[in-house]
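1. Kindly generate the corresponding structure for this input.
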Amino acid sequence: MSSAGLRRMLAPAVLACLAGPADAAGIRAKADVTCQPAADKLQYDCIIRLTNSRTNEPLTGATLTVGADMPSMPMMHNVRPVKATPGEGPGTYQVRLTLEMHGDWALQLNLSGPLRDRVVTIIRFDPDRATPAPPPRAQPGHRH
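-> This is a model prediction of the structure:
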């Protein structure tokens, strides 16, 4: 067999191995995150529900870590990843986050185990609540 033929035969297998389990199986995670202020200032207790983005089936058996940074101040304010613990019910995890200040934070949910994936969601953390951050406003265009 020629080297070109061998490359054509092996390329799909190599790409499938490099893609990782989530890409190879076509499975992506979806996350529903709800957070409530904890007793200590700037601490929030978060419940994360992970599901298969196509079937909405709960994703169980994952190892989940949650980190955060402020999109408005890249590299200035960030939270080191914290390991989440399994919560009540399939696909549910809980984690306590300690932030540096109030405002919009991009949570990076890193899954490993049977499924490897990353989900990023932006949450606005206020002193009395946490809510999904509104989408960024479009900048007005300049006309010449």
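
2. shaky segments in this protein?
-> Within the chain, the stretches with pLDDT under 70 are 1-25, 136-144.

3. Helices of that one, residue ranges please.
-> Using DSSP state H, the helices of the chain run over 3-25.

4. which residues touch the nearest residue to Arg118 once chain neighbours are set aside?
-> Nearest residue to Arg118 in three dimensions, chain neighbours excluded: Asn110, at 5.3 Å (Cβ to Cβ, 6 or more residues apart in numbering). For every residue, glycine as well, the C-beta is placed using N, CA and C. By Cβ atoms under 8 Å, 6 or more residues apart in numbering, the contact list for Asn110 reads 64-67, 81, 117-118.

5. out of those, who's nearest Asp128?
-> Lowest distance from Asp128 to those (Cβ to Cβ) belongs to Val66, with 21.4 Å.

6. separation between the residue nearest to Arg118 and Asp126?
-> The gap separating Asn110 from Asp126 is 25 Å, by Cβ to Cβ, to the nearest Å.

7. which residues touch Val79?
-> Counting by Cβ under 8 Å, 6+ apart, Val79 touches 67-69, 97-100, 105.

8. Quickly list what it is bridged to.
-> Counting by DSSP bridges, Val79 is bridged to Ala68.

9. And Gly103, by the same measure?
-> Here Gly103, judged by DSSP bridges, has bridge partners Phe125.

10. burial measure for it, as a count.
-> Applying other Cβ atoms under 10 Å, we find 16 other residues in the vicinity of Gly103.

11. Out of the contacts of Val79, who's the most crowded?
-> Trp105 (28 neighbours).
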